[in-house]
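Asker: Quick one: sequence and predicted model below, then my questions.
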Amino acid sequence: MTAIRLDGKLTRDEIFTDLSARVARLNAAGITPGLGTVLVGDDPGSHSYVKGKHSDCAKVGIASIRKDLPADATTEQLNAAIDELNADPACTGYIVQLPLPKHLDENAALERIAPEKDADGLHPINLGRLVLGKESTLPCTPRGVIHLLRRYDIPLDGARVTVVGRGVTIGRPIGLLLTRRSENATVTLCHTGTRDLAAEVSRADIVVAAAGVPHLITPDMVKPGAAVIDVGVSRTEAGLTGDVHPDVWEVAGAVSPNPGGVGPLTRAFLLANVVERAEAQLAAAEGE
Ligand SMILES: Nc1nc(=O)c2c([nH]1)NC[C@@H]1CN(c3ccc(C(=O)N[C@@H](CCC(=O)O)C(=O)O)cc3)C=[N+]21
């Protein structure tokens, strides 16, 4: 038996169709949503992600604003780029591409973003609202994972989910989303300090692998029929390698590959967050 493929590109295309229609409605009301990106340095991976985000914008009719800074940019230069986007009415929402070079403080940068323009959902106010169960801009990758699971009718209510990785973009926030009443899953968060990873993974109906360790999840760890979402990605000599060993396809019921899985959805929900910010602005203007 081979697992069914949870297709991130197909699902992304469906989301783009919906977003294009919503952008057209915003345009008709005189609003063009704009996504900003702040990119520091010349990491090839980061450049390719940012390029992808801007080409997605063009597909759905979102304007894009790029701020590219050199690898040796100072905190003052980074702050100035952030302040400009905070003040720019053409910028509906934006991101500071992570990771930043070591000499810059990522948390300070994220905190400087105006919370209502935080397209990543990583500002402490938005993460705090998520913890409190209040409406907030949600982190893109966790949103993508949950959308993909729902798209393929994978049951969440009562499901045992094992998340591997405690990073701020996925591992930490996804548990907060999956344990809301609307999802109702039971989540175990594993990390490098987990004593018996295989035992934690083998209990799971759904495995979210977000450790960034090539082929960490092997077939012997996976419960037959489980859904396995490969979020982690590493650039190796062999190219892009996910956290999930290819033989897992023979045991799992469903696999979201990497590439071709949650990556395209992370980008789609970044655009969705921008469109939603623009819709909120329009609703507020109409309510005046
Ligand atoms: N502030 C911030 N927000 C992010 O959302 C953010 C970030 N920083 N830093 C890096 C990670 C990584 N990330 C990806 C986005 C798209 C793909 C993607 O589309 N991948 C394609 C392949 C792309 C390729 O070939 O390079 C795929 O999976 O099929 C992957 C990874 C967003 N991140």
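Answerer: All right, it came through fine.
Asker: Mind listing what's buried along whichever helix or strand residue 268 is part of?
Answerer: Using DSSP states H and E, residue 268 falls within helix 262-287. Buried residues in helix 262-287, counted by 16 or more other C-beta atoms under 10 Å: 262-279, 281-282. For the C-beta atoms, the positions are set from N, CA and C on the backbone; glycine is no exception.
Asker: Over to stretch 100-112?
Answerer: Burial within stretch 100-112, assessed by neighbour count using 16+ other C-beta under 10 Å, is assigned to 100-101, 104, 109-110, 112.
Asker: Beta-bridge partners for the nearest residue to residue 175 once chain neighbours are set aside, please?
Answerer: Beyond its immediate neighbours in the sequence, the residue positioned closest to residue 175 (C-beta to C-beta, 6 or more residues apart in numbering) is residue 187, lying 4.2 Å away. With DSSP bridges applied, the residues forming beta bridges to residue 187 are residue 161.
Asker: Need phi/psi at the closest residue in space to residue 19 that isn't next to it in sequence.
Answerer: Residue nearest to residue 19 in three dimensions, not counting chain neighbours: residue 60, with 4.6 Å by C-beta to C-beta, 6+ apart. According to degrees, to the nearest 10, the main-chain angles of residue 60 amount to phi -110, psi 0.
Asker: what about residue 60, distance to residue 212?
Answerer: 29 Å (C-beta to C-beta, to the nearest Å).
Asker: show me what contacts the residue nearest to residue 19?
Answerer: Contact criterion C-beta atoms under 8 Å, 6 or more residues apart in numbering gives 16, 19-20, 23, 271, 275 as the residues in contact with residue 60.
Asker: right, and residue 145 touches residue 230 too?
Answerer: No - with contacts counted by C-beta atoms under 8 Å, residue 145 stays clear of residue 230, the gap being 10.4 Å.
Asker: wouldn't the residue nearest to residue 175 be in contact with residue 179 here?
Answerer: Yes - at 5.6 Å, residue 187 counts as touching residue 179 under the criterion of C-beta under 8 Å.
Asker: what helices or strands is the strand or helix carrying residue 175 leaning on?
Answerer: Here residue 175 sits within helix 171-178, counting by DSSP H and E. With contacts defined as 3 or more C-beta pairs under 8 Å, 6 or more residues apart in numbering; DSSP states H and E, the packing partners of helix 171-178 are helix 124-132, helix 140-151, strand 160-164, strand 186-190.
Asker: Doesn't residue 65 belong to a strand?
Answerer: Yes - counting by DSSP: H, G, I helix; E, B strand; the rest coil, residue 65 is part of a strand.
Asker: which SSE is the nearest residue to it once chain neighbours are set aside in?
Answerer: Take residue 65 and drop its neighbours on the chain: the residue closest to it by C-beta to C-beta, 6+ apart is residue 36, 4.2 Å away. Under DSSP H and E, the secondary-structure element containing residue 36 is strand 34-40.
Asker: where does that strand sit relative to the chain's centre, distance-wise?
Answerer: With C-alpha atoms, centre = their mean, to the nearest Å as the basis, the distance from the averaged C-alpha position of strand 34-40 to the chain average is 15 Å.
Asker: what does stretch 34-46 give?
Answerer: When C-alpha coordinates are averaged (C-alpha atoms, centre = their mean), stretch 34-46 and its chain have centres 15 Å apart.
Asker: How about exporting it as CSV, limited to the C-alpha atoms?
Answerer: Presented in CSV, the C-alpha positions along stretch 34-46 are these (Å, rounded to 0.1, in the frame of the first residue of the first chain):
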residue,chain,number,x,y,z
GLY,A,34,0.1,45.1,-0.7
LEU,A,35,2.6,42.6,0.8
GLY,A,36,5.9,43.9,2.0
THR,A,37,9.1,41.8,2.6
VAL,A,38,12.2,42.7,4.5
LEU,A,39,15.1,40.5,3.5
VAL,A,40,18.6,40.9,5.0
GLY,A,41,21.6,39.3,3.5
ASP,A,42,22.2,36.9,0.6
ASP,A,43,21.2,33.4,1.9
PRO,A,44,20.1,31.6,-1.3
GLY,A,45,17.2,29.8,0.4
SER,A,46,15.8,33.1,1.8
